[in-house]
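S.K.: fold the following, please.
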Amino acid sequence: MFDRIADLPAHPLIVHATVVFTPLLAALVIAYAAVPRLRDRIGWAVALSAFAAPVSAVAAKLSGEALARRMTGGGPYPAPVEEHSALAGVLVPLTVLLGAAALALVLLTRPGRATGPSKAARAATALVSAVAVLLALAVGYYAVRTGHSGATSVWGA
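M.R.: Presented below is the predicted three-dimensional model:
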């Protein structure tokens, strides 16, 4: 399923979605957490990206593994592919966690969520915001590292 699309290797096609949605989710989460007045305008984009980024990251990882198996015949991966795979192995779970944190943040801050935020709700929102921003920074870092290592392994330095 993740090997080929229209007789082309799936990974170079699928990875484009990851390259767009993963940094987009990271940037939106930082804006959503840091600038409360934007929440009404970008909440829908955060929620959609919270689904799209993890799904595309998992699909990119699975298609990358299929591509590597096809290229190596099941043998050991070349060092650049191994590095790229290891970085993707960090990026994917971080992206899934960021997606969950983003959805939690949107739910915690949605309008009309009760008569008003309690002290506990404000504390929960602050905690989830902090965790989400840290995850967003980590996802941004690993998205760049993973993408760069993949591009370098294909196109050279």
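S.K.: show me which residues of whatever helix or strand His148 lives in are buried.
M.R.: Per DSSP states H and E, His148 falls inside helix 119-155. Burial within helix 119-155, assessed by neighbour count using 16 or more other Cβ atoms under 10 Å, is assigned to 125, 128-129, 131-133, 135-136, 138-140, 142-143, 145-147, 149-150, 153. (Each C-beta comes from the backbone N, C-alpha and C, glycine too.)
S.K.: quick one: low-confidence parts of the chain?
M.R.: Scanning the chain for pLDDT under 70 picks out 112-116, 157.
S.K.: cutoff 80 now
M.R.: 1, 111-117, 157 (pLDDT under 80).
S.K.: now the helices for it?
M.R.: 10-34, 39-72, 79-109, 119-155 (DSSP state H).
S.K.: of all those, which one is nearest Asp3?
M.R.: Asp3 lies closest, by Cβ to Cβ, to one member of the helices of the chain: helix 39-72, at 4.2 Å.
S.K.: quick revisit: which other helices and strands does the helix holding His148 contact?
M.R.: When contacts are defined as 3 or more Cβ pairs under 8 Å, 6 or more residues apart in numbering; DSSP states H and E, helix 119-155 sits against helix 10-34, helix 79-109.
S.K.: CSV please, covering the helices of the chain and showing distance to Asp3.
M.R.: Shown next, in CSV, are the helices of the chain (distance: least, Cβ to Cβ, whole Å):
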stretch, distance to Asp3
helix 10-34, 6
helix 39-72, 4
helix 79-109, 16
helix 119-155, 17
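S.K.: is it true that Val29 touches Val131?
M.R.: No. With contact defined as Cβ atoms under 8 Å, Val29 does not reach Val131; the gap is 10.2 Å.
S.K.: shared neighbours of these two, anything?
M.R.: Common contacts of Val29 and Val131, defined by Cβ atoms under 8 Å, 6 or more residues apart in numbering, comprise Ala101.
S.K.: one step back: what about the helices of the chain, which gets the closest to Phe2?
M.R.: Among the helices of the chain, helix 39-72 comes nearest to Phe2, with 4.1 Å by Cβ to Cβ.
S.K.: show me what counts as buried in the closest one.
M.R.: Buried residues in helix 39-72, counting neighbours by 16+ other Cβ under 10 Å, are found at 39, 42-43, 46-47, 49-50, 52-68.
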